[in-house]
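# Curious how this folds, go ahead:
(chains A, B, C and D)
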Number of protein chains: 2
Amino acid sequence: MNAGRTARDRARAELTREIKDAARRQLAAEGAERLSLRAVSRELGMVSSALYRYFPSRDDLLTALIIDAYDALGAKAEAAAKDQDDPRTAWLAVCRAVRVWAVAHPHEYALIYGSPVAGYKAPESTIQPAGRVAVVLLGILSRAQDTGVLVAPAEAPEPLGLLAEQLTVFKEMAPGVPPKVLVRTVIAWTQLFGMISFELFGQLVGTMDPADEFFLQATDQLADFIGLTQEFG
Amino acid sequence: MNAGRTARDRARAELTREIKDAARRQLAAEGAERLSLRAVSRELGMVSSALYRYFPSRDDLLTALIIDAYDALGAKAEAAAKDQDDPRTAWLAVCRAVRVWAVAHPHEYALIYGSPVAGYKAPESTIQPAGRVAVVLLGILSRAQDTGVLVAPAEAPEPLGLLAEQLTVFKEMAPGVPPKVLVRTVIAWTQLFGMISFELFGQLVGTMDPADEFFLQATDQLADFIGLTQEFG
DNA sequence: ACATGTCAAGAGCACTGCTCTCGATTTAGT
DNA sequence: ACTAAATCGAGAGCAGTGCTCTTGACATGT
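Numbering: from 1, shown residues only, chains lettered A, B, ... in the order given. Presented below is the predicted three-dimensional model:
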């Protein structure tokens, strides 16, 4: 049973990886819709039907790519956060890292944050990797709270009713952070990806393109909005 | 030359409309990727090749649907703005109208604000309709400025350099509105569609779903963020 | 050495977008 | 009113797609 022991197991793992690599290359070149099993098989010099031994369907191959993309982005976000001590700097670094990854892998970004692929239902296995960036952001908030550099904005209203209930998931991930800050964090979270999507999907062309300065300005203001104070030397 | 005079012209206009309607039905049922010319032709009881007399390619049909979608959304936004006197109320009404339309037409929303269709390059003709919602929002800002209910936030930094230059387009559409407010408007603009995209594309499932209360809360705070003050009875 | 499970290959089905040709019909110019 | 041009739907056909099923070769564990 030992994983990867027999030659067959090793060959299988290797080929699975090669298929995903080829698929990623196609994804980058053509986009998700034009990802074709036959083209992948052609690139690998095998027959299309053989791919079905490794991925039961095109959707399963897509799922694998989606999970890999979430994980790659999540890893970048985690790395960016770890490099910084000051929570506000960490926040900005994570925002920047997410954008850098997105710009470098636009098709993979579109795969996970763009419109859902037609007829494709995201399986359970994708939701955990999908949450990694949010976990990082909440971790930063939590640390800021602990070190006293998080100052809940006075003008932010206290969330009530259903909205307060919906925060429970986040409360557990960032204990001690005031609910009003959590709401603003969710706002900032959707804002972060909203900006990147607009940039990558061409909505900013003719106005805020290139978006570097706008992005810096926006994430900085969002840090204020959340209540992440500047640290003093 | 008189448009729509001959029987042929009328028949052509009619059929063009029917093709788009059928395509929209397919879009709603299956999504953009699965929009098939053959299926449309089947629904209309004609042969697939005949469709090419009306739309030179599948992409051209998509373009027509995209423009129609932008126009439909733009019309809703304009109507929502016209119904309100108070700028802040108008702002909230437009945000709400955009979301209502998006929820009612998720596939059309995905078509215009989701990931670009593979291999599809948006033609010039789409950029004017694409700007309608932004024009409405800037109009509200401009009116707020004129009536004195727009109070530029003191803590917002003054945009400099490239960022200040990129605002020129918006300055013309909303004369008199301070640059710092324009930057925040763009932030709010990306935020609005970021939230809706997250909601429609399933990123909020398990947390802020349903997103009604969150959306209300967010748009309200965004109004503050921009500087749209509450009006007093 | 043998039965078992796994593998790539190939043929085939029902689709797709798109092109071209073919007559039929309608329009526009004289 | 007659004719030439433009337009139309139909049909065949090409190259591509995802996917299924069968076949024969190979490696695996006993």
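
# right, and the helix or strand after the helix or strand of chain A with the lowest mean pLDDT?
The weakest-scoring helix or strand in chain A, judged by mean pLDDT, DSSP states H and E, is helix A:7-30 (a mean of 90). Following helix A:7-30 in sequence order, the next helix or strand is helix A:37-43 (DSSP states H and E).

# which residues sit against that next one?
A:Ile19, A:Ala22, A:Ala23, A:Arg25, A:Gln26, A:Val47, A:Ser48, A:Ala50, A:Leu51, A:Arg58, A:Leu61 (C-beta atoms under 8 Å, 6 or more residues apart in numbering or on different chains). In short, each C-beta sits where N, CA and C put it, glycine included.

# Please apply the same query to stretch A:73-83.
A:90, A:93-94, A:96-98, A:100-102, A:109, A:112, A:129, A:132-133, A:135-137, A:139-140.

# If we use 6 Å, what do you get?
Stretch A:73-83 is touched from outside by A:Ala90, A:Ala93, A:Val94, A:Ala97, A:Val98, A:Trp101, A:Arg132, A:Val133, A:Val136, A:Ile140, with contacts defined as C-beta atoms under 6 Å, 6 or more residues apart in numbering or on different chains.

# Which strand or helix spans the residue lying closest to A:Asp220 once chain neighbours are set aside?
Distances taken as C-beta to C-beta, 6 or more residues apart in numbering or on different chains put A:Leu92 closest to A:Asp220, at 6.9 Å, once the chain neighbours are dropped. Taking DSSP H and E as the definition, A:Leu92 sits inside helix A:87-104.

# Packing partners of that helix?
helix A:58-82, helix A:132-147, helix A:179-200, helix A:212-226 (3 or more C-beta pairs under 6 Å, 6 or more residues apart in numbering or on different chains; DSSP states H and E).

# Number of residues surrounding the closest residue to DNA strand C within chain A?
Going by C-beta to the nearest atom of the strand, DNA strand C is nearest to A:Ser49 of chain A, at 2.9 Å. Residues near A:Ser49, counting by other C-beta atoms under 10 Å in any protein chain shown, number 10.

# what secondary structure does it sit in?
Using DSSP: H, G, I helix; E, B strand; the rest coil, the three-state assignment for A:Ser49 comes out as helix.

# Mind pulling up the pLDDT for it?
A:Ser49 carries a pLDDT value of 93.

# A:Arg38 versus that one, what's the distance?
According to C-beta to C-beta, to the nearest Å, A:Ser49 and A:Arg38 sit 10 Å apart.

# Over to A:Arg88?
Noted for A:Arg88: a distance of 50 Å to A:Arg38, by C-beta to C-beta.

# who has more neighbours, these two?
The residue with more neighbours, out of A:Arg88 and A:Arg38, is A:Arg88; 21 against 11, by other C-beta under 10 Å.

# ok, the contacts of helix A:37-43 vs chain B, which is closest?
Closest approach between the contacts of helix A:37-43 and chain B, by C-beta to the nearest C-beta: A:Gln26, at 10.6 Å.

# Skipping its backbone neighbours, what lies nearest the closest one in space?
Closest residue to A:Gln26 apart from its sequence neighbours, by C-beta to C-beta, 6+ apart: A:Leu35 at 5.3 Å.

# Chain A against DNA strand D: which residues are in contact?
A:5-8, A:35-39, A:48-49, A:52, A:56-59 (C-beta under 7 Å from any atom of the strand).

# switch the cut-off to 10 Å
A:1-2, A:5-12, A:23, A:26, A:30, A:33-42, A:47-53, A:55-62, A:119-120 (C-beta under 10 Å from any atom of the strand).
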